[in-house]
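> generate a structure from the sequence data that follows.
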Amino acid sequence: MEFLFLNPLFSAIIVSFLIFAANASNVTYDSRTILIDGNRRILISGTINYPRSTAQMWPDLIRKAKEGGLDAVDTYVFWNAHEPVRRQYDFSENLDLIRFIKTIGAEGLYVFLRIGPYICAEWNYGGLPVWLHNLPGAKFRTKNDVFMSEMEIFTKLIVDMIKKEKLFASQGGPIILSQIENEYDIVMKDYGDDGKAYLNWCAQMADSLNIGVPWIMCKQAGAPKPMIEACNDFYCDGFTPKDKGSPKIWAENWTGWFKRWGSSNPHRTAEDIAFAVARFFQRGGSLMNYYMYHGGTNFGRTSGGPFLVTSYDYDAPLDEYGNLKQPKWGHLKQLHDVLHSMEYTLTQGIVNHKAYGNGVWATVYKTNDKSSCFLSNNNTRRDAKINFGGRDYYIKAWSVSILPDCREEVYNTRKVYAQTSNYVKKPNKVEDQPTSLKWKWRPENMESTVVQGKGDFFANEIIDQKDIANDASDYLWCMTSFELGDDDPMLNKTVVLRIGDSGQILHSFINGAYIGSKWSPDGYTDYYFEKYVSLSPGNNLITLLSVTVGLAHFGYAFDMHRTGITAPVQLRMTKGNQTIVKDLSSNKWSYKVGIDGITKKFFDTKYCSKTIQWASDSIPINRSFTWYKTTFKAPLGKEPVVLDLLGLGKGIAWVNDHDIGRYWPSAIPDMDQCYMDSDCDYTGSFDYRTKCRDKCGEPTQRWYHVPRSFLKDGENTLVLFEEFGGNPSSVQVQTVEIGSACVNAYEGKEVELSCHNRPISEIKFASFGNPQGQCGTFKKSDCESQVDVAKILEKECVGKESCSFEVSEEKFGRANCEFKRLAVEVKC
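Numbers count the residues shown, from 1 in each chain. All right, here's what the predicted structure looks like:
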C-alpha cells in the first residue's frame with residue numbers, strides 16, 4: 001500500500017515508529033503469562049476500531065489510551081469495509097489499517113490484531129461481505145469450500161500487507177498477538193461435525209501463515225493448538241483455559257453495551273469494571289483487553305443489525321468523540337498504574353489464596369524480594385472486616401483492595417478519587433452564524449416506482465433483500481400489478497392487504513397512494529402488515545419500499561436469516577363464513593435498488609449544486625420522503641462537533657459529502673425500560689438488560705458526530721434525507737464541551753481537577769467534612785470544616801486549566817467526622 005501524502009504529523013509518526021521498530025521481539029507464552037523477549041508481562045489493552053473514527057483522530061485517541069495506562073491497542077479488521085466489491089479493495093482514509101498500526105507503534109504501544117475475518121462487533125453483517133453470501137453455494141462459518149476459500153484469500157491479503165510493512169513483533173513491529181475467527185463456540189454445536197472441521201481448518205490455516213506471534217481464539221473452549229483460548233465476558237476471573245499450558249487471557253472486557261433504536265441507555269460503572277479487572281489479576285490473569293476503550297461512530301451504513309444505532313459510544317473510557325469519560329477513565333488509570341507496579345510479583349511470585357468466608361478472599365503473590373496482595377469481597381451487600389497479616393482491614397461489598405506491599409491499601413475498586421466530568425452541548429459560536437439554519441428542500445422522486453411500478457429486475461417470487469440489493473443500499477422497491485374485472489368481489493372495501501416481513505421497515509403504497517408503514521420494535525421479529533385497501537377495476541399497482549437498518553451480525557447461520565419482505569403477499573376478504581385469498585407472492589415482481597436522490601447523489605456538493613434544483617420557500621414539515629439542504633460555518637475551537645437532530649423522524653445525513661450515518665431521533669424508549677436509581681447500585685453481577693439503564697422518554701440518539709476533518713474553514717453543506725417526516729427548523733450545529741467537574745475524595749488522597757484545556761472559571765461548591773449527594777447535587781452536612789474551603793480552592797484553581805492538591809485537615813481545616821471527605825464542583 002502506498003501513501004499519497006505525508007503531512008507533518010504523519011511524518012513524525014513514521015519517525016517514531018521506526019525508532020520503536022528497531023529490533024525484532026520474541027513473543028511466546030506459558031501457563032502463567034505472555035512473554036516478550038523472555039520477560040513475563042502483565043498486559044492491559046483496549047479496543048479502538050479504526051473505521052469508527054478518523055485518521056485525524058487516531059493520534060489523540062492512542063495518546064489518551066497510553067496516558068490511561070494501556071500497554072496495547074486492539075482492533076478488529078473489517079472485511080466488508082476493505083472489500084465492498086469482490087477483489088476491489090479499499091484501505092484509504094479511516095480504512096488505512098497500516099497507518100493505524102504504525103500510529104499505535106509510534107506511541108510505543110503494542111497491537112492486538114483481530115483479523116477474524118468474522119468479527120461480530122455490532123458491525124453490519126458481522127464484517128462479512130454480502131457479495132460472499134451471494135456467491136453460488138456459499139455458507140458462512142462452516143466447512144464450506146466457497147466460504148473458506150474467500151476467507152483464506154482475505155486473511156492472507158491482510159497478513160501479507162502487514163509482513164510487507166514489517167509490523168509483526170517478530171519483524172520489529174508492534175503486533176504481539178493476532179486472532180482468527182471470533183466467539184465460534186457459541187454456534188459451533190449448531191453446525192455439527194462441519195463446525196468442528198471448520199474450526200480446525202481455521203487454526204491450521206492461521207498457523208500456516210507463519211506470522212511469528214501467537215494466535216488466539218476468543219470464547220472458544222478447548223481451542224485447537226496452537227491457538228490460545230481466551231475469554232469474552234463482563235467477568236472472567238473464574239475463566240481457566242482448558243489447555244494447561246496457556247495463559248489466562250481476557251480478550252473482551254465489556255465496558256458497557258451497545259444500543260438499538262428505541263432502547264434505553266445502558267451504563268456500567270467504573271467501580272464494577274475495576275472490580276472485575278482487579279479480580280481477574282488477583283486470580284492469575286495475564287492479559288486483559290477492554291472492549292471498548294473508544295467506541296466511536298458507525299458512519300454510513302456500517303452499524304450492525306437490525307436496528308443498532310449510529311453511535312457506538314459503548315460507555316467506554318473515551319467517549320464517542322474522544323473525550324475522557326470521567327471518572328471511568330481516571331479510576332481505571334489508577335488501577336493500571338498499581339497493577340503495573342506489581343508486575344514482577346504477579347508474574348514471578350508463588351500464589352496463595354485464603355478464604356475468610358462470605359465471599360471474602362486474600363491472595364498473596366510472594367517472591368524472594370517482596371510480596372503483593374489482594375483482599376476481595378464478592379459479597380453483594382455486606383462489608384467485611386478481616387485481620388490479615390496482623391492488621392485489620394475493612395473491605396466494602398463487591399470490591400477489591402490492592403496492597404502492593406501487603407500492608408498499605410493503595411487502591412480499592414469502590415473508592416473513586418478520579419474526577420467526574422460533565423459535558424454539555426453548546427450552540428455554534430461563529431459570530432455571524434444565524435441562530436437558525438436556512439433550509440432548502442425538494443421531494444424524493446417516486447414517480448417511476450410508486451406510480452409507474454418500473455424496476456430494473458424481475459422475478460415471479462419475493463426475493464430476499466440481501467440477494468437482490470447486495471448491500472448496495474438500505475432501500476429496495478418491490479412492485480407488482482394485477483387486474484380486477486368489473487365484477488370482481490375484491491372491489492368492495494373490506495379487502496385487506498397482508499404482507500409478511502422479517503421485522504425491518506416497510507412502507508406500502510397502492511395505486512400511487514401511501515397506505516401505511518410498519519416495523520417490529522426490535523427489527524428482527526417477523527410481523528404481518530395488514531391494511532384495508534380500496535382497489536379499482538382494471539390494473540392495480542402495489543408498491544412496497546423495504547428498508548433495512550443494518551443486517552444481522554450474530555448467531556447461527558445469521559447469513560441465511562431472511563431480510564426484508566417475506567411471502568405471503570395477499571389480498572384477503574371475508575364473504576360470509578368464507579375467506580377469499582388472492583395470493584400475489586408468485587406474481588411478476590419488479591425490483592429497484594436504492595432511492596432516486598441517493599442514486600443521483602443529492603448530497604454531492606459539487607454535482608447537486610449545479611444540476612439539482614432546490615426550493616427555498618414554504619419549507620414543508622412532517623413530510624415523508626423529503627430532502628433538505630442547508631449551509632453552516634464550522635464552529636470555532638477544537639471541541640468535537642455534533643448535529644442536534646431533535647425534531648426529525650428517521651433518515652440519513654451528509655456533511656460535505658460525508659455520510660455521518662443513519663439518524664432516528666423519533667425512536668424513543670418506553671419508561672418501563674429504565675432501571676436506574678439515583679446511585680445506580682452496581683453491586684452484584686452486571687446485567688445490561690436490568691441494571692443501570694436510563695434516559696427513557698428521550699431519543700435513543702439525538703446527537704450525531706461530525707468529525708472536525710469533515711469540515712471546511714468556510715461554508716459547509718448539510719443534506720438530510722427525511723424518510724418518516726420531521727421538522728428541520730430545530731436542527732442545530734453544536735460543540736461538545738466540558739461544563740463542570742467534581743471530585744469527592746476521602747482524606748489522605750491526592751486529587752486533580754481539570755477542565756481539559758479550558759480554564760476553571762468558578763468554584764460552585766466546596767465542603768470538607770461529610771458532604772452529601774453527588775456531582776451537581778452536593779450538600780453540606782452537620783460535620784463541616786470551619787475553614788472557607790471554596791476560598792482556598794479559588795486561589796489555587798480558578799483561571800487554571802487544572803489544579804491538584806492533597807485532601808487533608810492541614811489544608812482544609814479540622815472536621816469532627818470519623819471519615820472525612822472533600823467534595824468540590826467547579827465550572828469550566
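> any idea which helix or strand carries Y291?
Using DSSP states H and E, the element containing Y291 is strand 287-294.
> which neighbouring elements make contact with the longest helix along the chain?
Secondary structure of the chain per DSSP state H: the longest helix is helix 185-207. Judged by 3 or more CB pairs under 8 Å, 6 or more residues apart in numbering; DSSP states H and E, helix 185-207 is in contact with helix 145-164, strand 175-180, strand 215-218. No exception for glycine: its C-beta is placed from N, CA and C like everyone else's.
> which helices and strands sit right next to the last one?
Spelled out, that is strand 215-218. Counting contacts by 3+ CB pairs under 8 Å, 6+ apart, strand 215-218 packs against strand 175-180, helix 185-207, strand 228-233, strand 249-254.
> what sits up against it?
Residues outside strand 215-218 that contact it (CB atoms under 8 Å, 6 or more residues apart in numbering) are 114, 177-184, 199, 202-203, 206-207, 223-224, 226-232, 249, 251-252.
> switch the cut-off to 10 Å
29, 112, 114-115, 177-185, 199, 202-203, 206-207, 209, 223-224, 226-232, 246, 249-252, 287, 289, 291 (CB atoms under 10 Å, 6 or more residues apart in numbering).
> so V338 sits against I402, correct?
Yes - the pair V338 / I402 is scored as a contact, 5.3 Å apart, by CB atoms under 10 Å.
> those two - which one has more neighbours?
Neighbour comparison, V338 and I402: the larger count goes to I402, with 24 against 18 (by other CB atoms under 10 Å).
> enumerate every residue touching the closest residue to that one other than its chain neighbours.
Counting by CB to CB, 6 or more residues apart in numbering, Y411 is the residue found nearest to I402 once chain neighbours are left out, at 4.5 Å. Under the criterion of CB under 10 Å, 6+ apart, the neighbours of Y411 are 274, 278, 331, 334-335, 337-339, 400-404, 417.
> phi, psi of Q334?
Backbone torsions for Q334, taken as degrees, to the nearest 10, come to phi -60, psi -40.
> returning to that earlier point: turn the helices and strands packed on strand 215-218 into a markdown table, including mean pLDDT.
Below are the helices and strands packed on strand 215-218 laid out as a markdown table (pLDDT from 0 to 100):
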| stretch | mean pLDDT |
| --- | --- |
| strand 175-180 | 98 |
| helix 185-207 | 98 |
| strand 228-233 | 98 |
| strand 249-254 | 98 |
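> report the central residue of the protein.
Y312 (2.9 Å; CA atoms, centre = their mean).
> which pLDDT value goes with the closest residue in space to that residue that isn't next to it in sequence?
With sequence-adjacent residues excluded and distances taken as CB to CB, 6+ apart, Y312 is closest to G295, at 4.2 Å. What the model reports for G295 is a pLDDT of 98.
> G295 and K328, how far apart?
Going from G295 to K328 by CB to CB, to the nearest Å gives 12 Å.
> quick one: common contacting residues for these two?
Both G295 and K328 are in contact with 255-256, 315-319, where contact means CB under 10 Å, 6+ apart.
> please state the offset of stretch 790-800 from the chain centre?
On the basis of CA atoms, centre = their mean, to the nearest Å, stretch 790-800 sits 38 Å off its chain's mean C-alpha point.
> only C-alpha atoms, please: export it in PDB.
Taking Å, rounded to 0.1, in the frame of the first residue of the first chain, the C-alpha atoms of stretch 790-800 are listed here in PDB:
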ATOM      1  CA  ALA A 790     -14.100  27.500  48.500                       C
ATOM      2  CA  LYS A 791     -11.900  30.400  49.000                       C
ATOM      3  CA  ILE A 792      -8.800  28.200  49.300                       C
ATOM      4  CA  LEU A 793      -9.600  26.500  46.000                       C
ATOM      5  CA  GLU A 794     -10.400  29.700  44.300                       C
ATOM      6  CA  LYS A 795      -6.800  30.900  44.800                       C
ATOM      7  CA  GLU A 796      -5.400  27.500  43.700                       C
ATOM      8  CA  CYS A 797      -7.700  26.600  40.800                       C
ATOM      9  CA  VAL A 798      -9.700  29.500  39.200                       C
ATOM     10  CA  GLY A 799      -8.100  30.600  36.000                       C
ATOM     11  CA  LYS A 800      -6.100  27.500  35.600                       C
END
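> how about it: buried residues?
Neighbour counts over stretch 790-800 (16 or more other CB atoms under 10 Å) mark 792-794, 796-797 as buried.
> with stretch 343-352 instead?
Residues of stretch 343-352 classed as buried: 343-347, 349 (neighbour count, 16+ other CB under 10 Å).
> got it, and stretch 488-506?
Applying a neighbour-count criterion of 16+ other CB under 10 Å, the buried positions in stretch 488-506 are 490-491, 495-506.
> and that stretch, how far apart are its ends?
Length of stretch 488-506, first residue to last, CA to CA, to the nearest Å: 28 Å.
> please apply the same query to stretch 762-776.
Span of stretch 762-776 from end to end, CA to CA: 14 Å.
> how far off centre is it?
33 Å.
> tell me the mean pLDDT over it?
94.
> what of stretch 805-814?
For stretch 805-814, mean pLDDT rounds to 93.
> same check on stretch 726-736?
On average, stretch 726-736 scores 96.
> stretch 580-599 too?
97.
> output that stretch as PDB, nothing but the C-alphas.
What follows is stretch 580-599, C-alpha atoms only, in PDB (Å, rounded to 0.1, in the frame of the first residue of the first chain):
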ATOM      1  CA  ILE A 580     -61.200 -15.300  -0.100                       C
ATOM      2  CA  VAL A 581     -57.500 -15.000  -0.700                       C
ATOM      3  CA  LYS A 582     -55.700 -13.700  -3.700                       C
ATOM      4  CA  ASP A 583     -52.000 -14.600  -3.300                       C
ATOM      5  CA  LEU A 584     -49.600 -12.300  -5.100                       C
ATOM      6  CA  SER A 585     -46.400 -13.900  -3.900                       C
ATOM      7  CA  SER A 586     -45.800 -15.700  -7.200                       C
ATOM      8  CA  ASN A 587     -46.900 -12.700  -9.300                       C
ATOM      9  CA  LYS A 588     -44.400 -11.000 -11.600                       C
ATOM     10  CA  TRP A 589     -42.500  -8.600  -9.300                       C
ATOM     11  CA  SER A 590     -40.300  -5.700 -10.400                       C
ATOM     12  CA  TYR A 591     -37.400  -4.600  -8.200                       C
ATOM     13  CA  LYS A 592     -35.300  -1.500  -7.900                       C
ATOM     14  CA  VAL A 593     -32.400  -0.900  -5.600                       C
ATOM     15  CA  GLY A 594     -32.000   2.500  -3.900                       C
ATOM     16  CA  ILE A 595     -33.900   5.700  -3.900                       C
ATOM     17  CA  ASP A 596     -33.600   8.400  -6.600                       C
ATOM     18  CA  GLY A 597     -31.900  11.100  -4.500                       C
ATOM     19  CA  ILE A 598     -29.100   8.800  -3.300                       C
ATOM     20  CA  THR A 599     -28.600   7.300  -6.800                       C
END
